[in-house]
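Enquirer: predicted model follows, preceded by the sequence.
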Amino acid sequence: MKTKFLRCSLASLTLVLALSACNKPQEAPPPVTDPAAQAPAAEPAPAPAAEPAPAPEPAPAPKPKHKPKPQPQASYEPAPQPAAPAVCYDCGTIANITEVRQAGQGSGAGAVLGGVAGGVAGHQIGKGKGNDVATVAGALLGAYAGHKAEQQIRAATTYDVTISMEAGGSRTINVPALNGLAVGQPVRVDGNSIAPR
């Protein structure tokens, strides 16, 4: 029974010590001054290093492909043309001026007067039948001369003005007076009249 008691006491004591050891903070071991006395810490044995497999050489970087710059595509649209100035179909420039002498119209008065004067003059020539022939011949010549004289008196000077038109071609217009028109002058044509521009 003594042994049993001892065993129980010993078990109780062990239990108390174990419990007290759990409750007590663990004290650090005193520092060791002698390095030889210090037990070398067991280092884990290094595992035999397996020889690493050679790393594959990196593939060469792909060369950058030359990307051609996009070329502007040719436009098939025609370039805009500058607006052509408006053509004046009645406008032009005087290229030439020609003076024209137009015979006047005879009214018959010149012929009558010329015939009378010629008859009187012819009557003065000769005697008898010669006088009659001279009178008639004088009247006819006098009438013709009187008619021509009247035409000359009534004759008029006009002008043929040739104009180079802006729209192309040319026009010639007869005007009774120039009224300041000259070669090289820009003009506008209105029917048969010409006005400076």
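Expert: Perfect, I can see it now.
Enquirer: and the longest strand for the protein?
Expert: When the chain is parsed with DSSP state E, its longest strand is strand 91-102.
Enquirer: need the mean per-residue confidence for it.
Expert: Strand 91-102 comes out with an average pLDDT of 90.
Enquirer: list the buried ones in it?
Expert: Of the residues in strand 91-102, 92, 94 count as buried by neighbour count, 16 or more other C-beta atoms under 10 Å. (Each C-beta comes from the backbone N, C-alpha and C, glycine too.)
Enquirer: quick check: domain ranges of the chain?
Expert: Domains of the chain are assigned by automatic domain parsing as 89-104+155-197, 107-154.
Enquirer: list the helices and strands the longest strand of the chain packs on?
Expert: With contacts taken as 3 or more C-beta pairs under 8 Å, 6 or more residues apart in numbering; DSSP states H and E, strand 91-102 sits against strand 156-165, strand 170-175, strand 186-190.
Enquirer: would you turn those strands into TSV with mean pLDDT, mean neighbour count and distance to residue 133?
Expert: Listed next are these as TSV, based on pLDDT from 0 to 100; neighbours: other C-beta atoms under 10 Å; distance: least, C-beta to C-beta, whole Å:
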stretch	mean pLDDT	mean neighbour count	distance to residue 133
strand 156-165	91	16	38
strand 170-175	92	13	45
strand 186-190	92	15	58
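Enquirer: adding distance to residue 109, write those strands out as TSV.
Expert: Written out in TSV, the entries for the helices and strands packed on strand 91-102 read as follows (distance: least, C-beta to C-beta, whole Å):
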stretch	distance to residue 109
strand 156-165	18
strand 170-175	27
strand 186-190	37
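Enquirer: what's the closest of those strands to residue 97?
Expert: Of all the helices and strands packed on strand 91-102, strand 156-165 sits nearest to residue 97, with 5.4 Å by C-beta to C-beta.
Enquirer: give the full set of residues in contact with residue 11.
Expert: Residue 11 makes no contacts at all, as judged by C-beta atoms under 8 Å, 6 or more residues apart in numbering.
Enquirer: helix, strand, or coil at it?
Expert: For residue 11, the secondary-structure state derived from DSSP: H, G, I helix; E, B strand; the rest coil is helix.
Enquirer: distance of it relative to residue 4?
Expert: Taking C-beta to C-beta, to the nearest Å as the measure, residue 11 and residue 4 are separated by 11 Å.
Enquirer: need the residues touching each of the two.
Expert: If you check residue 11 and residue 4 against C-beta under 8 Å, 6+ apart, no residue is contacted by both.
Enquirer: how about the CA coordinates for the longest strand of the chain, as PDB?
Expert: Extracted as PDB, the C-alpha positions of strand 91-102 are listed here (Å, rounded to 0.1, in the frame of the first residue of the first chain):
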ATOM      1  CA  CYS A  91     -19.600  93.200-124.900                       C
ATOM      2  CA  GLY A  92     -16.400  93.600-127.000                       C
ATOM      3  CA  THR A  93     -13.500  95.800-128.000                       C
ATOM      4  CA  ILE A  94     -13.300  98.000-131.100                       C
ATOM      5  CA  ALA A  95     -10.900  96.400-133.500                       C
ATOM      6  CA  ASN A  96     -11.300  98.700-136.600                       C
ATOM      7  CA  ILE A  97     -13.100 101.900-137.700                       C
ATOM      8  CA  THR A  98     -13.600 102.600-141.500                       C
ATOM      9  CA  GLU A  99     -15.000 105.800-142.900                       C
ATOM     10  CA  VAL A 100     -17.800 105.200-145.500                       C
ATOM     11  CA  ARG A 101     -19.000 107.900-147.900                       C
ATOM     12  CA  GLN A 102     -22.600 107.200-148.800                       C
END
